[in-house]
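*Asks:* Predicted coordinates and the sequence they were generated for:
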Amino acid sequence: MTVSIDTQGRVAIVTIDNPPVNASSQAVRAGLLEAVTKTEDDPDVDAVVLACAGRTFVAGADVREFDLPLMEPHLPDVIAAIEAASKPWVAAIHGTALGGGLELAMGCHFRIADPMARMGLPEVNLGLVPGAGGTVRLPRLVEAELALTMIAGGKPILANVALTAGLIDAIATSDLLDEAVALAVEHAAPRRTLENAVVGASDAEAFDKTATGLRRKVRGQESIAAAIDAVGRGVRLPADEALAAERAAFLALKSSDQARALRHIFFAERATLADPRAKLTPRPLQRIGVIGGGTMGVGIVSAFLMRGFEVTLIERDEASLHAGADRVHATLDSSAKRGLLPDLDAVSARFDTAIDYAALSDADLVIEAVFEDMEVKKQVFARLDQVTKPDAILATNTSYLDVNAIAAVLSDPSRAVGLHFFSPAHVMKLLEIVLPGAVAEDVVATAAKLSKSLGKIGVLSGVCDGFIGNRIMSAYRAEADRLLIDGASPDQVDSAMRAYGFPIGVFEMQDLAGLDIAWAMRKRRLAEGKISGGYIRIADRLCEIGRFGRKTGAGWYDHVDGTALPSEVVMSIIAEERQTMEAVGKAFATEDVMPRILGAMTREAEAVLAEGIARSAEDIDVVMVNGYSFPRWKGGPMFAARSAGG
Ligand code: T1G
């Protein structure tokens, strides 16, 4: 039964059971409406508790229904029926009450939550605004400004914050259901949220100030601007008018390009590990070794520590080891200060350091994050081959080197895998799982499970130069250089990319990351004969004069007091290279930039797909959105190209 009714004394327990997350599907909505009628008509029922089976309260409307015609009963009508009930309804919240789930809970008359529960209205992340009263009821329970921030930001709040803010009436101390029943018994009459006044309505100036600030952060995602408008109506208009306007806004956005793109990415991110090998029994992982305490190594150590693993950091000497350990502790301290690490001492207790590789003799997994050089990595793997137990998995964090060649140094190459983390590794959700030809099937399963254990999105990749993301990025960076030869300026390319939705452009990104890294890679590929004709030397010439980017005060731009300024030096080098390549260098129309950049991106992506490096077009979109700043509301390069009929 999707919705069942039991009783405890004179309290009816209405339970939703719709795995995996109790999404408010049509069956759930119909069952709830029926439950309202039954409990209203039952003379032996004085009050109702609304609870959910499984791991969470209703986590939202069923996103799978969004591309289907609307089906009655509609959620706003179900919520209105609950709110109008003559008997008090208490929502018993555990897990995540999100979107329509929180709207359902706010239509109830009282709310109690498990201490670890989270509540929020994340609709903007799907290109929507709340569509079942969230923008009208939330500011009648919590300060209007908090409601605005929650809805426009799309981030959930914890139970203790919700209690303080007035969103819930209590936090359960032992048994959520029993305490919800007690709360229901305690209240004879319903308390209807819509009858509340808006909380903090008097402080219109503060509200407008927050709204203005939030609008500035909207880079192109229309749902955020729509959410700000909707909460403004919820705060200022009579409730019924605001509800009607909210529903209209929701329905208009539901079929928008951005909402379709965001739904595409939502489901694509959850389908990346469909490979049968990912479902096999994984090897147990608890003791982790990380070789190298640089930026990547520190991020990787922190990522594992924050998810409950024991980690040993290895460095080549005491000074480097202490520096790396200090950076790990600084990272953990910073996360603890942001409330992300409830028990910092317990986390730190699982951290160890050593110089001698023998400390890794009982490690289940060792990840090398040493200098991006094939010989160095081969030496590290050869040493690990000697000291680690035979079933320990050995991973390289290389971002583009040949993982087959690294694996080949092992006596048993089947235990090697690529785990390409993105910096900062304890923050970025993407993990490219690079599979060498000899990889054991249960190593694939272990890496897949590990990505979930780390709270990351694991995407399987074959072995090629740059795997999925870096290979596509190299392609569109080369196209950007060609745009310079054809007459564009770095600033023109970057501003076109920002206008499309990237946070920064391709040249600004290089100044941030450092031009020297890519220079080393180009020199390697030139030496390996991997770069074909038409090679453009602009970036090399910048490096040859020490313009490595922000860290040297100059790169593609001159960096003056933190501001990136177009550089005459760069423009003269571009002009010289245009002549060398006998290019016309005519004035370049800004509107022609993005078609060239996106064209290069999708051509390389199609090649990555055709070669079997990526499993699907969806996986490529997931990589580019989560690792390379492709605007999420465009759905990724493949979705964007195919939607445009490309
Ligand atoms: N609808 C349908 N399926 C959903 C779903 C949803 N809302 N949420 C999750 N799933 C599926 C997901 O596809 C996966 O399926 C499985 O559940 C586990 O998800 C009217 C209009 C709840 C925090 O945006 O944030 O309500 O792959 O892998 O990491 O105003 O899922 O197993 O087949 O993510 O533990 C608003 C979206 C909707 C919440 C759990 N709600 N979901 O995370 O598991 S719009 C949301 C999440 C709305 C109203 C509006 C997360 C989670 P499968 P998972 P998880």
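*Replies:* Cool, the structure landed. Quick caveat, the model's predicted, so the values are computed rather than measured.

*Asks:* The protein against the ligand: which residues are in contact?
*Replies:* Residues of the chain lying close to the ligand (C-beta under 6 Å from any ligand atom) are 20-21, 23, 59-64, 75, 96, 98-100, 103, 122-123, 126, 128, 130-132, 134, 270. To be clear about C-beta, it is placed using only N, CA and C from the backbone, and glycine gets the same treatment.

*Asks:* Weed out the non-buried ones from the residues you listed.
*Replies:* Buried members of those, scored by 16 or more other C-beta atoms under 10 Å, are 21, 23, 59-63, 75, 96, 98-100, 103, 122-123, 126, 128, 130-132, 134.

*Asks:* Now, those residues that are in strands?
*Replies:* 96, 98 (DSSP state E).

*Asks:* Tell me the backbone dihedrals of the spatially most central residue of the chain, please.
*Replies:* Nearest to the mean C-alpha position of the chain, by C-alpha atoms, centre = their mean, lies residue 429 at 5.6 Å. Here is the backbone geometry of residue 429 (degrees, to the nearest 10): phi -80, psi -20.

*Asks:* doesn't residue 623 make contact with it?
*Replies:* No: look at residue 429 against residue 623 with C-beta atoms under 8 Å: they stay out of range, at 11.0 Å.

*Asks:* any idea where the helices of the stretch 151-300 of the chain begin and end?
*Replies:* 159-165, 176-186, 204-216, 222-236, 239-254, 257-269, 295-305 (DSSP state H, counting those that start in this stretch).

*Asks:* Just give me the neighbour total for residue 4.
*Replies:* 13 (other C-beta atoms under 10 Å).

*Asks:* Any idea what it is bridged to?
*Replies:* Counting by DSSP bridges, residue 4 is bridged to residue 15.

*Asks:* measure it to the ligand for me?
*Replies:* 21 Å (C-beta to the nearest ligand atom, to the nearest Å).

*Asks:* Quick one: mean pLDDT over stretch 522-532.
*Replies:* For stretch 522-532, mean pLDDT rounds to 82.

*Asks:* ok, back up a step: so what's the residue nearest to the centre of the chain up against?
*Replies:* Applying C-beta atoms under 8 Å, 6 or more residues apart in numbering to residue 429 gives the contacts 455-457, 626.

*Asks:* Quick check: the gap between it and residue 258.
*Replies:* Residue 429 is 20 Å from residue 258, where distance means C-beta to C-beta, to the nearest Å.

*Asks:* before we move on, what about residue 97?
*Replies:* Taking C-beta to C-beta, one finds residue 97 at 25 Å from residue 258.

*Asks:* Equivalent analysis for residue 613, please.
*Replies:* For residue 613, the distance to residue 258 (C-beta to C-beta) stands at 29 Å.

*Asks:* Check the contacts of residue 429 for burial and list the buried ones.
*Replies:* Among those, those classed as buried by 16+ other C-beta under 10 Å are 456-457, 626.

*Asks:* what residue ranges in the stretch 451-600 of the chain are flagged as low confidence?
*Replies:* For the stretch 451-600 of the chain, residues meeting the criterion pLDDT under 70 lie at 585.

*Asks:* Okay, helices next: where are they in it?
*Replies:* Using DSSP H, counting those that start in this stretch, helices in the stretch 451-600 of the chain cover 469-485, 490-500, 506-513, 515-527, 538-544, 568-580, 593-610.
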